[in-house]
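Enquirer: pasting the structure only:
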């Protein structure tokens, strides 16, 4: 039977992968910049944090506070890292997408 | 911790964000926006940096509000509360219908066609009559008898429905939505079938009475277990949302 709770939405998927890429440096500004750099997608701060909030509630990510910095008006950065269940959700999603992609002649069509 | 060498983002926009965004993310959003405001200021100047800040503030507030409104509307939490309210209301109405029909002495004070409507299975039409509410509440208060609330066939149907749903659920692991749909379907099935049968059989109210009793009692017995199971299914699903 399908495991509904481990399904990831497209944006959730993007954010989890970006956090994974950034390792210990994943905080709001870096995540937004990385998404823009890698897939040319402009993400608003609000949309990013609404999704981060949801991912934290699902226990897919966890966060820790950094030091307050003057360029942030004295506010601290919040760094995000993937939890084991976040990693499992990513692995599950990748497995399902691989199954769906398997055997499709997309490369032939594009070339 | 404020450093005078860094420019100040638009004060009004900061205040609007502070007011509109939830505490869980407000601090991080304000920090990120100020950091990016400073980067924009260095790269493109004050005007572009302010434009960036205002744009992010407005878009973020709209998006965050829309996402949160959508989440709360579609969340199982709201559905849980709705299912409790609906279940409780249906239980009370069926209790009053039983109290009314068990001690009915006539249709004085009701509209002329209520007898025909009931004989055709349109039990819900009684709910639109003020006299129904008055009589049924009085009956419930003054003539309460536990034996009045037992009907064998309806009891058998309710037991079968609960067993059937439990069996299907254990064997096929159906989703919470499908379980809830099935529960309500089994609860309302006697009403649907009974109403269709009575609509086309042209019985008198005396002949239709026993069937009407089975219909109401089936709902009466099933609605609370249905509501309870729906509540449990939704709260399990709520843990993953």
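Expert: Received the coordinates, thanks. Just so you know, these numbers come straight off a predicted model, no measurement behind them. Residues are numbered from 1 along each chain as shown, chains lettered A, B, ... in the order given.
Enquirer: now the strands for chain A?
Expert: A:61-69, A:75-82 (DSSP state E).
Enquirer: In CSV: those, plus distance to residue B:135, mean pLDDT and mean neighbour count.
Expert: All C-beta spots, glycine's among them, are computed from the backbone N, C-alpha and C. What follows is the strands of chain A, written out as CSV (distance: least, Cβ to Cβ, whole Å; pLDDT from 0 to 100; neighbours: other Cβ atoms under 10 Å in any protein chain shown):
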stretch, distance to residue B:135, mean pLDDT, mean neighbour count
strand A:61-69, 60, 91, 14
strand A:75-82, 63, 94, 20
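Enquirer: which stretch among the ones you listed comes nearest chain B?
Expert: Shortest distance between chain B and these, using Cβ to the nearest Cβ, is found for strand A:75-82: 3.4 Å.
Enquirer: So in chain B, which helix runs the longest?
Expert: When chain B is parsed with DSSP state H, its longest helix is helix B:205-238.
Enquirer: Now that one: average pLDDT?
Expert: Mean pLDDT, helix B:205-238: 84.
Enquirer: Name the residues of that helix that are buried.
Expert: Residues of helix B:205-238 classed as buried by neighbour count (16 or more other Cβ atoms under 10 Å in any protein chain shown): B:205, B:208, B:211-223, B:225-227, B:229-231, B:233-234, B:237.
Enquirer: who touches the closest residue to residue A:56 other than its chain neighbours in this structure?
Expert: In this structure, residue A:56 finds its nearest non-sequential neighbour in residue A:63, 6.7 Å apart by Cβ to Cβ, 6 or more residues apart in numbering or on different chains. The neighbours of residue A:63, taking Cβ atoms under 8 Å, 6 or more residues apart in numbering or on different chains as the test, are A:56, A:78-81.
Enquirer: of the residues you listed, closest to residue B:115?
Expert: Using Cβ to Cβ, residue A:56 is the member of the contacts of residue A:63 that sits closest to residue B:115, with 61.0 Å.
Enquirer: one step back: and of the strands of chain A, who's closest to residue A:95?
Expert: Among the strands of chain A, the nearest to residue A:95 by Cβ to Cβ is strand A:75-82 (16.6 Å).
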